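Peer 1: below is the sequence, then the predicted model.
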Amino acid sequence: MSATVIDGFSVAASVRARVAAEVAALKAGGVIPCLAVVLVGENPASVSYVAGKEKALAEVGMADRSYRLPGTVSEAELLALISSLNADPSVHGILVQLPLPRHIDEARVIMAIDPEKDVDGFHPVSVGNLVIDRPGFLPCTPHGVIALLREAGINTRGAHAVVVGRSNIVGKPLALLLARRECNATVTICHTGTVDLPSITRQADILVAAVGSPRMITADMIKPGAAVIDVGVNRVEDPTAKNGFRLVGDVDFLPACEVASFITPVPRGVGPMTIAMLMQNTLQAAKNR
Ligand SMILES: Nc1nc(=O)c2c([nH]1)NC[C@@H]1CN(c3ccc(C(=O)N[C@@H](CCC(=O)O)C(=O)O)cc3)C=[N+]21
């Protein structure tokens with residue numbers, strides 16, 4: 001068997017096209033949706049993701065307010081920037097790229113963002129709304145995964161979804177979304193401390209890998225016919241690549257293709273969907289005003 005590879009790149013392009021049409025309509029009414037992207041330091045992965053966000057903003061016709069702060073910036077200075085962005089009515093969404101340097105308390109920074117502008121969906125108010133099924137910004141990666149499952153026609157109702165990884169930005173919120181009435185999956189959350197992980201992943205109709213460990217999900221851990229969603233974006237050394245590295249997921253892709261029914265690739269799987277959902281959230285933030 002050879003799995004159907006879900007093309008996240010093209011699904012993301014169609015989400016962006018829909019967003020672009022709505023942006024054009026808002027602009028005709030005099031509102032230009034605007035996202036402020038704050039990058040602290042020069043982590044190469046972060047620089048590359050932020051470049052992807054800026055490219056998408058330009059494509060959908062939204063305004064891009066970028067801030068590049070040195071890695072030595074103080075927490076107080078960063079908090080001051082956020083409070084000025086909170087107060088600025090021309091800014092609809094605020095995204096502070098994570099991770100932040102160690103001397104800055106991430107939780108404090110996230111909590112400083114006005115929940116109305118929290119297009120990342122990381123603020124405790126957004127998280128709380130997700131938990132109690134109230135409207136609010138959904139975190140972009142989990143929301144992108146749900147959109148991909150729907151687009152690929154993968155049934156979630158009554159399915160056993162196993163999420164490997166329990167991070168605040170992917171594993172935990174994704175598990176909640178899958179368990180919601182709209183998806184109605186039965187969800188198991190696993191993590192690095194799970195005893196006999198393969199015996200649990202092999203029960204999954206939908207297996208989500210969100211651990212950040214290159215190729216740790218091997219073919220023998222996948223139930224034949226399962227849908228496999230790979231959220232991992234790991235840089236591994238590759239002397240033959242032009243920049244000396246290559247992106248691989250948390251799933252050992254080629255062998256997994258022989259077992260799964262559907263699979264998302266890395267790159268061009270979940271990653272582009274994350275950015276597309278960020279565009280959708282920023283549009284929503286502008287409409288909410
Ligand atoms: N405040 C905050 N919000 C985030 O949403 C956030 C973050 N911090 N920190 C880091 C993670 C990671 N993330 C990705 C976004 C796009 C791709 C993406 O587009 N990947 C392309 C490849 C990109 C490349 O070639 O480098 C792909 O998979 O095809 C990947 C990863 C967002 N994150």
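Peer 2: Thanks, I have it.
Peer 1: my guess is Pro214 is in a strand, correct?
Peer 2: No: under DSSP: H, G, I helix; E, B strand; the rest coil, Pro214 sits outside any strand and is assigned coil.
Peer 1: residue contacts, it?
Peer 2: Residues counted as contacts of Pro214 (Cβ atoms under 8 Å, 6 or more residues apart in numbering) are 232, 234, 236, 248-250. (Glycine included, C-beta is placed from N, CA and C.)
Peer 1: could you find the closest non-adjacent residue to it?
Peer 2: Asn234 (4.2 Å; Cβ to Cβ, 6 or more residues apart in numbering).
Peer 1: dihedrals phi and psi, His160?
Peer 2: phi -90, psi 110 (degrees, to the nearest 10).
Peer 1: from the contacts of Pro214, list just the buried residues.
Peer 2: Buried by 16 or more other Cβ atoms under 10 Å: 232, 234, 248-250, out of those.
Peer 1: for Gly193, which three-state class applies?
Peer 2: coil.
Peer 1: read off the pLDDT value for it.
Peer 2: As predicted, Gly193 sits at a pLDDT of 94.
Peer 1: got it, and Met1?
Peer 2: 65.
Peer 1: pull the most distant pair out of the contacts of Pro214.
Peer 2: Among the contacts of Pro214, the pair separated by the greatest distance (Cβ to Cβ) is Val236 and Asp250, at 11.8 Å.
Peer 1: which residues are in contact with stretch 110-117?
Peer 2: Outside stretch 110-117, the residues touching it (Cβ under 8 Å, 6+ apart) are 79, 82-83, 85-86, 91-94, 96, 120, 122-126, 136-137, 285, 288.
Peer 1: typed the wrong thing, it's stretch 191-207
Peer 2: 149, 154, 156, 159-162, 164-166, 171, 178, 185, 188, 190, 211, 217, 220-223, 226-229, 260.
Peer 1: so which of the residues you listed are in strands?
Peer 2: 160-162, 164, 188, 190, 227-229 (DSSP state E).
Peer 1: which bits of the chain sit near the ligand?
Peer 2: Residues of the chain lying close to the ligand (Cβ under 6 Å from any ligand atom) are 48-49, 52, 95-98, 120, 140, 233, 247, 266-268, 271-272, 274-275.
Peer 1: those residues in strands, which ones?
Peer 2: Counting by DSSP E, the residues of the chain next to the ligand contribute 95-96, 247 to strands.
Peer 1: quick one: residues contacting Gln284.
Peer 2: Contacts of Gln284 (Cβ under 8 Å, 6+ apart): 119, 137.
Peer 1: pLDDT on the helix or strand containing it, on average?
Peer 2: Taking DSSP states H and E as the criterion, Gln284 maps to helix 270-288. Helix 270-288 carries an average pLDDT of 98.
Peer 1: please identify the buried residues of it?
Peer 2: 270-286.
Peer 1: kindly report the same for stretch 95-106.
Peer 2: Applying 16+ other Cβ under 10 Å to stretch 95-106 flags 95-98, 100-101, 104, 106 as buried.
Peer 1: got it, and stretch 117-130?
Peer 2: So for stretch 117-130, counting by 16+ other Cβ under 10 Å, buried means 117-123, 125-127, 129-130.
Peer 1: that stretch: end-to-end distance?
Peer 2: Taking Cα to Cα, to the nearest Å as the measure, stretch 117-130 stretches 16 Å from start to finish.
Peer 1: re the thing from before, between the buried residues of stretch 117-130, which is nearest the ligand?
Peer 2: Asp120 (4.7 Å; Cβ to the nearest ligand atom).
Peer 1: surely that closest one meets Leu95?
Peer 2: Yes: look at Asp120 against Leu95 with Cβ atoms under 8 Å: they come within range, at 5.4 Å.
Peer 1: and for these two, which residues touch both?
Peer 2: Common neighbours of Asp120 and Leu95 (Cβ under 8 Å, 6+ apart) are Leu278.
Peer 1: Val40: how many residues sit nearby?
Peer 2: 24 (other Cβ atoms under 10 Å).
Peer 1: so what pLDDT did it get?
Peer 2: Confidence for Val40, expressed as pLDDT, is 98.
Peer 1: give the closest residue to the closest residue to the ligand within the chain in space, chain neighbours not counted.
Peer 2: Nearest residue of the chain to the ligand: Gly271, at 2.3 Å (Cβ to the nearest ligand atom). Nearest non-adjacent residue to Gly271, counting by Cβ to Cβ, 6+ apart: Val233, 5.9 Å away.
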